[in-house]
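*Asks:* heads up, no residue letters with this:
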């Protein structure tokens, strides 16, 4: 991760420790990739190995999330997304991870290529938010 982003996240989490999760292990990541049948984007892996499920501009779920992030793992969110919307989405979205939502029930997704997208469930459409996780964090972190 870029050092300046790490410093910004660390500063925020120092002020709000309940937003910090436990770092993900290689074993957790490998098991989740097997369960979900996808490969996690490298920037997402770097984030969760450093911060776990923590705040990075939005809540970013992993395995052991900060108490204010919520208990749902990335596995649960992704399987829930696939169950709920799987027939209505493209193959590109079926391999994406659901890592958060926008507060209105629209899942925030990370594609295998690392793109950050918002699935607008009422419209059945996808809005491309950022080309990468680091771009999102740079724009949305205080």
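*Replies:* Great, that's in hand. Fair warning: this is a prediction, and the values are worked out from it, not measured in the lab.
*Asks:* got the buried residues for the helix or strand bottoming out on mean pLDDT in the chain?
*Replies:* For the chain, the helix or strand with the lowest mean confidence is helix 91-94, at a mean of 77 (criterion: mean pLDDT, DSSP states H and E). By 16 or more other CB atoms under 10 Å, the buried positions in helix 91-94 come out as 93-94. To be clear about C-beta, it is placed using only N, CA and C from the backbone, and glycine gets the same treatment.
*Asks:* I'd say residue 88 and residue 122 touch.
*Replies:* No. Residue 88 sits out of contact with residue 122 when judged by CB atoms under 8 Å, with a separation of 11.7 Å.
*Asks:* Can you get me a residue count around residue 2?
*Replies:* Neighbour count for residue 2, taken as other CB atoms under 10 Å: 12.
*Asks:* OK, contacts around the residue sitting nearest the centre point of the chain?
*Replies:* What sits nearest the mean C-alpha location of the chain, by CA atoms, centre = their mean, is residue 99, with 3.1 Å. Contact analysis of residue 99 by CB atoms under 8 Å, 6 or more residues apart in numbering lists 44, 59-62, 74, 77, 108-110.
*Asks:* so after whichever strand or helix holds it, what's the next helix or strand?
*Replies:* Taking DSSP states H and E as the definition, residue 99 sits inside strand 97-101. Sequence-wise, the next helix or strand downstream of strand 97-101 (DSSP H and E) is strand 107-110.
*Asks:* ok, what's across the strand from residue 53?
*Replies:* Assessed by DSSP bridges, residue 53 has beta-bridge partners residue 65.
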